[in-house]
Every structure is written in structure tokens, then in C-alpha cells.
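**Q** any chance you could fold what I've pasted below:
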Amino acid sequence: MTDDTTTTTAQHTDRTTALAAHATELHGTDPTRPIDDLDALRAHLTDARFVGLGEVTHGTRECFQFKHRIVRFLVDALGCRAFALEANFSETLAIDDYVVHGDGDPREALDGIYFWTWNVESVLALVEWLRAFNADRPVGDRVRFFGVDAQYTQGAVDALRAFFDTVDPAFLGTVRGNLDEAADDGTPPQQDDAIDTQVAAVDRLAPRIRNRLDAHRTEYAAETSADRVALARRHCRVLEQATERKRHFPDALREADTLTHARVRDEAMAENAEWVREFTGTDILPVWAHDAHIARTGLQYGERVPSLGQHLAARHGDDYWAIGSAFARGGFQAIDTAEDTENELIGHELDDPLDDTIETALDDAVGSPAVLSLRQARADDRLAGWLAERPHFQTGATFDPTSPAAELVTYDYTVAFDALAFLPETTRARPLDE
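**A** From the prediction side, this is the model:
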């Protein structure tokens, strides 16, 4: 054995030992199990204002279950009273109505937020747990449920119609036509041929609604409530945010415009997350989204685009605590984009972690569900340099199973996240319609 080989082996051993030392093993991911194993995170989370809950794919059951357990811990142990999801703000209020008041059908509410990613058994389980937690509590002590995304206009249009129909039918009559034109029926922008009409309508409409809400705030609040007026104003703002993204979508295949509509979206999510925390008065707000949005280091589109997490970190410093995720092997669901396929949502499998990734190292070091404290690890001389540029398997809504290496991204783990949830084996998230 050469000296170089001996050195490399020793470094690998030191690294494995160090990773194990900074990892807290978990009971598992079953959200019904006791959460005392998460108490090791208490010191990190107690003073946080925002907790980013990342996911390495949009379709991994165990990742969703782990995040459910974190939400339970934040609610039960730290008094969290609001939850935020990477989903359209206005449409997600149907879920809030269910978890707070028991109104409506949670399956229909999940189906109404457009994203197959959340229309799964493991997210429904979280919704049902929140409802059960809230059921016998005073209304003011119940956990609220909000979306922070702004990609569609339909929900905001519907909410504003309903609000003005209650408080100011005469004004509604003067803006009904523009509201109708602004509505997108939840159509994805890449399939929508009415974007120009929607943009023009919102450009005319939003200033009028905002001015009307400001001028008549007192009487509208007397007719409904101050919270209802604040929500109406936020619906108007979401209408503007979604439209600003649409404004850049017709040319989204050009890189410069792709960067713009990605930037606009994450700016909106950060703004809406801050609004939710202020509106609800919760001390701590978990924000459930993809790792790419949660990371402090920005979205990776050839060049970096400021992410939701980067915005929150810039404004709140260490009061933003981000937990990413990684898995070694197993299943997940995503839209199949391999050549000669029909772009269907199907289950995929990764047999083993890809070489030289952080997943490979964690599989060697812990080999069981665990949380790696990156705040501690980055201060460890055995890990700091190695963590600074480490490949990571990560996919979103789409995946080409013929080229898994194309999904590798590189994070600076000394900056991107404060902790990393590691899952040695995973399964596909279970769609509610199967």
C-alpha cells in the first residue's frame, strides 16, 4: 500500500467517524412514533423564526413522513401555530379551513391546489394530524395552514370575487370583467394561450383593488373582520405576484427569461412566508418546499438565482434554519422524461447512491435514518473542506431514469443547509387516487 493510499484511507476513516459523530439517529420516519429522538434539535430550533423543510425529490414518502415528524415536534414542543407549503396561497386556504374548523373535504382541498406532489397519502396524514391537534383547542390556539407560492391567478380571483360580493357588490360590478379576464382556471403557463390577456387585466385591476381596500378598510372590517380584509389584500398581492411570473413565461425557453421567472417566484414565496408569520403571530414558521428552494445558496440554473431560503437567510440570518434531505437508495415518483415515453407520473428506483456523493458518505457513516448537524460538522476540521463542494442527487417534478447522473447538483454544505436528513431507503409517495 502506498503512502498516498494510506493517507486517503485514513482521511476516509476520519471523515466517516466525524460524520457519525455529528449525526443523530432517528427512531424512523413513521409520523405516529414518539418524537423524543428529535429533542436533540431543540437547541437549534428554539430561537428560529423560519424552519425550511426541504425534500430531495417531490415524491418520496419517507421524506414527507420525516417532515411530518418535524412539524409535530415544532407544534408540540415549541408552540408553532402556523405551517407553510410550497403551494399556491389562495387555493391552499381550503386546507386551512379544514385543519382549523373542520370545514370541507381534505382530499378535495389537496386536489384543488394543482400539484400532484401534495396529492399523496403522506401529506394527507399531516393534514389530518393538524386537524386532530386543533379539534379541541381554542380557535386562537390552533395551527393555521398556508401556501406561499404564487403561480396561478384563479384562487385569488375567486377569493376577491367572494369578498367584494359580500362587502361591496357595487364595486365588484365595476371590476368583474377584469377579474374574469385575469382568471387562469389553474392552467399551467406553458399550456396557457391567454397569458397576455391575464397580464393586461391584472395590470388594470390590482391598483384599483388595492386602493379600494385601503380607502374602505374600516367599513369592510366592520362588515367581515380585520383578518378578512388583510387576506383580501394578500389575495390581491398574490394576483400581482403570479402575473409577474406569467409576464416572463411566454419566452421561458430562453435562459435569461427562465432566470427571471424563477427569481420572481422565489421572491414571492419568501415575501408570502414572512406575511404568514406576521399575520398568524406564530413565533416559528415551518416552510415545506424542495431542497432547491430551501437552500441558502440559491437556485441552480446555470447561474445562481436567489432562492426562497436565500432571501429568508439574508433577512433573518441565523433565525432561518434550513434542513435539506438525502437518500441512498429506493423509490420516488416523478414525471418520466426519458426519450420515447409519454411523460407520465410513475415510480422510479435508485439502486444505490451515486459515486462520490454525500449520500454515499452518509450511507457508510450512519446507514440508518439520521439528521446530520451541518452547523456542527462545518466547524469540524475533518469535514469543513470536504463539505464545501459535495455532489448530491436531487430531482424535482421530472426525472429521466436513463440518466440519473444528470440530476447531480453540487452544494456548499458549509452554507446551504444547517442540517441534512438522511434516509438510507425510501419508497414512492402514494398517490391518493391509486
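
**Q** tell me the contacts of residue 57?
**A** 63, 332, 333, 334, 394, 395, 396, 399 (C-beta atoms under 8 Å, 6 or more residues apart in numbering). For glycine as for every other residue, the C-beta is placed from the backbone atoms N, C-alpha and C.

**Q** ok, now which ones touch the nearest residue to residue 293 once chain neighbours are set aside?
**A** In this structure, residue 293 finds its nearest non-sequential neighbour in residue 308, 4.4 Å apart by C-beta to C-beta, 6 or more residues apart in numbering. Residues near residue 308 by C-beta under 8 Å, 6+ apart: 52, 148, 266, 269, 270, 273, 287, 289, 293, 294.

**Q** burial check on the closest residue to residue 144 other than its chain neighbours, number of neighbours?
**A** Spatial nearest neighbour of residue 144, chain neighbours left out: residue 82 (4.4 Å); criterion: C-beta to C-beta, 6+ apart. The tally of other residues near residue 82 (other C-beta atoms under 10 Å) stands at 23.

**Q** give the contact list for residue 342.
**A** Applying C-beta under 8 Å, 6+ apart, the residues contacting residue 342 are residue 336.

**Q** now do residue 141 against residue 131, distance only.
**A** According to C-beta to C-beta, to the nearest Å, residue 141 stands 14 Å off from residue 131.

**Q** these two: which is more packed in?
**A** Neighbour tally, residue 141 and residue 131, criterion other C-beta under 10 Å: the higher count belongs to residue 131, 19 against 10.

**Q** that one touches residue 99, doesn't it?
**A** Yes: under the criterion of C-beta atoms under 8 Å, residue 131 makes contact with residue 99 at 4.8 Å.

**Q** packing partners of the host helix or strand of residue 257?
**A** Per DSSP states H and E: residue 257 is located in helix 255-280. If contacts are counted by 3 or more C-beta pairs under 8 Å, 6 or more residues apart in numbering; DSSP states H and E, helix 255-280 sits against strand 82-88, strand 144-149, helix 226-247, strand 285-288, strand 299-301, strand 303-305, helix 308-316.

**Q** show me the one of those that comes nearest residue 106.
**A** When those are compared for distance to residue 106 using C-beta to C-beta, the nearest one is strand 144-149, at 10.2 Å.

**Q** CA atoms only for the closest one, dumped as PDB, please.
**A** Extracted C-alpha coordinates of strand 144-149, given in PDB (Å, rounded to 0.1, in the frame of the first residue of the first chain):
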ATOM      1  CA  ARG A 144     -53.000  27.500  10.600                       C
ATOM      2  CA  PHE A 145     -52.200  26.100   7.100                       C
ATOM      3  CA  PHE A 146     -51.000  28.400   4.300                       C
ATOM      4  CA  GLY A 147     -49.400  28.100   0.900                       C
ATOM      5  CA  VAL A 148     -46.700  30.600   0.000                       C
ATOM      6  CA  ASP A 149     -46.400  30.000  -3.800                       C
END
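
**Q** what comes up buried for the helix or strand following it?
**A** Moving toward the C-terminus from strand 144-149, the next helix or strand (DSSP H and E) is helix 154-167. For helix 154-167, the neighbour count (16 or more other C-beta atoms under 10 Å) marks 154, 155, 156, 157, 159, 160, 161, 163, 164, 167 as buried.

**Q** dump the residues you listed into JSON lines; add pLDDT and distance to residue 202 as well.
**A** Below are the buried residues of helix 154-167 laid out as JSON lines (pLDDT from 0 to 100; distance: C-beta to C-beta, whole Å):
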{"residue": "154", "pLDDT": "98", "distance to residue 202": "12"}
{"residue": "155", "pLDDT": "98", "distance to residue 202": "14"}
{"residue": "156", "pLDDT": "99", "distance to residue 202": "9"}
{"residue": "157", "pLDDT": "99", "distance to residue 202": "9"}
{"residue": "159", "pLDDT": "99", "distance to residue 202": "14"}
{"residue": "160", "pLDDT": "99", "distance to residue 202": "11"}
{"residue": "161", "pLDDT": "99", "distance to residue 202": "14"}
{"residue": "163", "pLDDT": "99", "distance to residue 202": "16"}
{"residue": "164", "pLDDT": "99", "distance to residue 202": "16"}
{"residue": "167", "pLDDT": "98", "distance to residue 202": "21"}
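
**Q** ranges for the helices of the stretch 1-150 of the chain?
**A** For the stretch 1-150 of the chain, the helices defined by DSSP state H, counting those that start in this stretch occupy 3-21, 42-45, 61-78, 89-101, 106-111, 121-134.

**Q** ok, of those, where does mean pLDDT dip lowest?
**A** Across the helices of the stretch 1-150 of the chain, helix 3-21 has the smallest mean pLDDT, namely a mean of 77.

**Q** domain boundaries for the protein, per the record?
**A** Using automatic domain parsing, the domains assigned to the chain come out as 3-80+283-426, 154-261.

**Q** which one of those lies nearest to residue 91?
**A** When these are compared by C-beta to C-beta, domain 154-261 sits nearest residue 91, at 3.8 Å.

**Q** end-to-end on the closest one?
**A** 19 Å (C-alpha to C-alpha, to the nearest Å).

**Q** where does this structure dip in pLDDT?
**A** Flagging of the chain using pLDDT under 70 yields the residue ranges 1-8, 250-256.

**Q** so how far is residue 332 from residue 148?
**A** To residue 332, residue 148 is 23 Å away according to C-beta to C-beta.

**Q** again, but for residue 124
**A** 18 Å.

**Q** neighbour count: those two, which is higher?
**A** Per other C-beta under 10 Å, whichever of residue 124 and residue 332 has more neighbours is residue 332, with 24 against 17.

**Q** who does the helix or strand containing that one pair up with?
**A** Element membership for residue 332 (DSSP H and E) is strand 320-336. When sheet partners are counted by DSSP bridges, strand 320-336 sits next to strand 50-53 (parallel), strand 345-350 (antiparallel), strand 398-399 (parallel), strand 419-426 (parallel).

**Q** buried residues in it?
**A** For strand 320-336, a neighbour-count test (16+ other C-beta under 10 Å) marks 320-328, 330-336 as buried.
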